[in-house]
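[1] Just to be clear, the model below is a prediction. Sequence and coordinates:
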Amino acid sequence: MKMFWIALLFLVAEGVLSMECPAQKDAEVLILGAGMAGITAARTLHDSGITNIKILEANSERIGGRIRNVSFMGVQVETAICLVPLAGDEAKRVSGLTKDEIYNEIMDVMRLWYGSDIPNATDIEYYDWYNDEFYRGMFSNIPLNLTLEEKENLAVPEGRLYFSGEGVMVYSTGTVHAAYCSGIDSATDILVKKGLSEGSSFLPKCEDEATMPPSQKPSPTPTTTAPPSSAYSVSNTSLISLIIALFFATLFAAFD
């Protein structure tokens, strides 16, 4: 294992020092997964001249990933080929479109993929979770240095709420206080969107810092002042020196 890391560091250092990336048409390529991404990668590599390619697929009965037929209510139907979740500004843009406008955008993409002679879709079904009061955003592993707006843009739709407390707050993520307040905030938000804001005054907004325990209060929004140029910058010379130092340190450790 030590010799592997020594060889890896040597190759990295050699590549950085030479500043070249020579073409390797005889490279051996291993692709994990025979879904659309894996098959497309293999085809692209093959077209570029790299032919020594192997694909490993866990499913011994079929390939294609999401492209398959499933039985639904006694009928064989095709599953969705590609699922493209939207977030941030693009989610807001699509949320403001009418059903006909969304239909036209979908058909434009389908014609781009499969040609202009494909038949029109009979109908489309979609969920505008951005404007649905029963949808709440879910969050996972949010970096600490994001602003509140950036965190909200990373919210992922996680189905309709049927029980209080299923929503997850954008602040104090992963705390007991957040789990308690998510139900209160979800109920309050739903009442407000239903036009019952005057009747929701008895439900406190947990996002108010005055009601938060000191240990649960969100960190201050980071300033936008840029750090000095020398704070995080690493010159090419320093990077090369670091790689060489790591190489020799690992080399000496291998012979201890």
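    Right, received. Where do you want to start?

[2] Only C-alpha atoms from now on, for both contacts and neighbour counts.
    Fine.

[3] Tell me where the stretch 1-150 of the chain has helices.
    Remark: helices assigned in the stretch 1-150 of the chain by DSSP state H, counting those that start in this stretch are 2-18, 36-47, 88-95, 99-114, 148-153.

[4] How many neighbouring residues does residue 42 have?
    22 (other Cα atoms under 10 Å).

[5] Return the residues in contact with it.
    Residues near residue 42 by Cα atoms under 8 Å, 6 or more residues apart in numbering: 31, 53, 55.

[6] how near is it to residue 54?
    Relative to residue 54, residue 42 is positioned 8 Å away (criterion: Cα to Cα, to the nearest Å).

[7] Name the residues contacting each of the two.
    What both residue 42 and residue 54 touch, as defined by Cα under 8 Å, 6+ apart, is the set residue 31.

[8] which intervals of the stretch 1-150 of the chain have sub-threshold pLDDT?
    Counting by pLDDT under 70, the stretch 1-150 of the chain shows low-confidence ranges at 1-23, 72-73, 77-88, 127-146, 148-150.

[9] Skipping adjacent residues, who's closest to residue 49 in space?
    The shortest distance from residue 49 to any non-neighbouring residue, by Cα to Cα, 6 or more residues apart in numbering, is to residue 25 (5.9 Å).

[10] Dump the contacts of residue 42 to a markdown table, plus neighbour count and distance to residue 115.
    Output for the contacts of residue 42, formatted as a markdown table (neighbours: other Cα atoms under 10 Å; distance: Cα to Cα, whole Å):
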| residue | neighbour count | distance to residue 115 |
| --- | --- | --- |
| 31 | 15 | 29 |
| 53 | 16 | 30 |
| 55 | 14 | 29 |
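
[11] Which one of these is nearest to residue 103?
    Nearest to residue 103, judged by Cα to Cα, of the contacts of residue 42 is residue 31 at 35.4 Å.
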